[in-house]
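Just need the structure, nothing else, for what follows:
(one chain, ligands or ions: 1)
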Amino acid sequence: MKALIKKKIDDFSKELIDIRRYFHQYPELMFEEYETSKKISELLTSWGIENKTISKTGVVGLIRGSRPGKTIAVRADIDALPIDEETELAFSSKNKGRMHACGHDGHIAMGLGTAKILSELKDHFNGNVKFIFQPAEEMPGGAGYLIKEGVLENPKVDAIIGLHIWPDMEKGYIGISKGPLMSAVDKFDVEVIGKGGHGAFPNKAIDPIVVGSQIITALQSIVSREIDPFDCVVLSSCAFNSGNVFNVIPEKANITGTIRYFNKAFSEYIPKRMEEIISGITIGFRCNYKFEYTQLCPVVVNDRAFTNFFENGAKEIMGSEKVIEIERPAMGGEDFSFYLEKVPGTFFFLGTKDEKNGISKSLHHPQYNFSEEILSAGVELFANTVVNYLNKI
Ligand code: NI
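As a prediction, this is how the structure comes out:
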């Protein structure tokens, strides 16, 4: 079966690249992926794969195997970023101010390629394979919307697999984790409400900039003084906005930022401590405040048993030395975590670094690109994992 899959991928490899290049030219932002999802649906239909729209711009495809069995899902995110492309590639973005700078064009191509190949092999497996083409991974996390609309039901999904193209890892390697792989993503917003006035008469005003500065500094002590140094936590205040005139003390100051962690307990502890600090400081300085804390994405936690199974299959295809266990999870987030809260599965990194050929830019860089050779490797990993899983007794 492995050889048959390989042969089909080899025959399809040129078209796989063409598909990636097509989507690269027409990037669309979160929940605006209308043309992207239309094209995905057209291709699935042209290959005889049943599919439907979900959450405005998502597409779910389904291949039913020859006999009843379990259902495994393959997920590909489809959204692009608000970036002006600077790659000078022949197939650069034709949508100004939009770019597939996070490799989701590659994810789409790999999802479609896997669907095409498995549609031709459906007599060889039991059960079903569902393809989730998911909008809005970057923000606000399309996965949660799709789950609410039942993407994991009818047929019920028993396991799920997904990947991200990873520029920090050499081409030809994959990174796996049997536990946490990517951090939780939370967001906070603070408004400090003081009293505006003349810059020359600070005694008649209450300066929210001075108070906001104290808050930013004090919040740093949560990570540095309260949390076990062996727990990884980030608290970054990323915007501090207030005032616009040189001689006016403004009324308000706004701070926004992000929190990252792997230990679920921090989702309660950190906002509680933040509010205590903000409240204490603003009382001390005669201000009022508003505080909002939003949990955007939980931690990506891979299922150990499923990942062991995936690892064995991946080593057979790629060779043991090419499958690397990630020692340090990433502080970046990924809404694949919502699926993993519901069903076992694994999310892995597919290495793309290829410095010899000038491919080294980070994700979200305006000159980001990846080696297209990895598209076939991704399809091979997906297709073999699906078939192995569905035919497992
Ligand atoms: Ni991405």
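
now the strands for the stretch 251-393 of the chain?
Using DSSP state E, counting those that start in this stretch, the strands found in the stretch 251-393 of the chain span residues 252-261, 288-297, 300-301, 323-325, 345-353.

Now tabulate these in TSV and tack on mean pLDDT and mean neighbour count.
Where C-beta positions appear, they are placed from N, C-alpha and C, glycine not excepted. What follows is those, written out as TSV (pLDDT from 0 to 100; neighbours: other CB atoms under 10 Å):
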stretch	mean pLDDT	mean neighbour count
strand 252-261	97	20
strand 288-297	96	16
strand 300-301	95	24
strand 323-325	96	16
strand 345-353	96	24
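
just so I know, which of those lies nearest Tyr34?
strand 288-297 (24.0 Å; CB to CB).

Need the contact partners of that closest one.
Identification of contacts with strand 288-297 by CB atoms under 8 Å, 6 or more residues apart in numbering yields 139-141, 184-193, 267, 271, 274-275, 278-279, 282, 333-335, 337-338.

which stretches of the stretch 101-250 of the chain have low pLDDT?
Of all residues in the stretch 101-250 of the chain, none has pLDDT under 70.

Kindly recompute the last result at 90.
Scanning the stretch 101-250 of the chain for pLDDT under 90 picks out 137-141.

which residues in it form helices?
104-119, 142-148, 208-221 (DSSP state H, counting those that start in this stretch).

Identify, out of those, the most deeply packed stretch.
Each of the helices of the stretch 101-250 of the chain was scored by mean neighbour count; the highest is helix 104-119, a mean of 26, by mean count of other CB atoms under 10 Å.

and that one, how far out from the chain's middle?
The chain centre lies 17 Å from the centre of helix 104-119; the measure is CA atoms, centre = their mean, to the nearest Å.

ok, Gly175 - contacts?
By CB under 8 Å, 6+ apart, the neighbours of Gly175 are Trp166, Met169, Ile324, Glu325, Ile326, Phe348, Phe349, Gly351.

swap that for Ser237, please
Ser237 neighbours (CB under 8 Å, 6+ apart): Ile216, Leu219, Ile255, Thr256, Gly257.

For the residue nearest to the third one when sequence neighbours are not counted, which residues count as its bridge partners?
Here the nearest residue to Ile255 in space, its sequence neighbours aside, is Val190; by CB to CB, 6 or more residues apart in numbering that works out to 4.4 Å. Beta-bridge partners for Val190, by DSSP bridges, are Ile255, Phe291.

Surely Val190 is in contact with Ser242?
No: with contact defined as CB atoms under 8 Å, Val190 and Ser242 do not form a contacting pair (11.3 Å).

between those two, which one's more packed in?
Counting neighbours by other CB atoms under 10 Å for Val190 and for Ser242 shows that Val190 has the greater number, 24 against 20.

other SSEs contacting the helix or strand hosting Thr53?
Following DSSP states H and E, one finds Thr53 within strand 50-54. Helices and strands touching strand 50-54, by 3 or more CB pairs under 8 Å, 6 or more residues apart in numbering; DSSP states H and E, are helix 34-46, strand 58-64.

Select, out of the ones you listed, the one closest to Arg98.
With CB to CB as the criterion, Arg98 lies closest to helix 34-46 of the helices and strands packed on strand 50-54, at 10.8 Å.

Just the C-alphas of that closest one, formatted as PDB.
Extracted C-alpha coordinates of helix 34-46, given in PDB (Å, rounded to 0.1, in the frame of the first residue of the first chain):
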ATOM      1  CA  TYR A  34     -14.700  32.900  -0.400                       C
ATOM      2  CA  GLU A  35     -12.700  32.300  -3.600                       C
ATOM      3  CA  THR A  36     -10.300  30.000  -1.800                       C
ATOM      4  CA  SER A  37     -13.200  27.800  -0.500                       C
ATOM      5  CA  LYS A  38     -15.000  27.900  -3.900                       C
ATOM      6  CA  LYS A  39     -11.800  26.600  -5.600                       C
ATOM      7  CA  ILE A  40     -11.300  23.900  -2.900                       C
ATOM      8  CA  SER A  41     -14.900  22.700  -3.300                       C
ATOM      9  CA  GLU A  42     -14.600  22.700  -7.200                       C
ATOM     10  CA  LEU A  43     -11.500  20.600  -7.000                       C
ATOM     11  CA  LEU A  44     -13.000  18.100  -4.500                       C
ATOM     12  CA  THR A  45     -16.100  17.800  -6.700                       C
ATOM     13  CA  SER A  46     -14.100  17.300  -9.800                       C
END
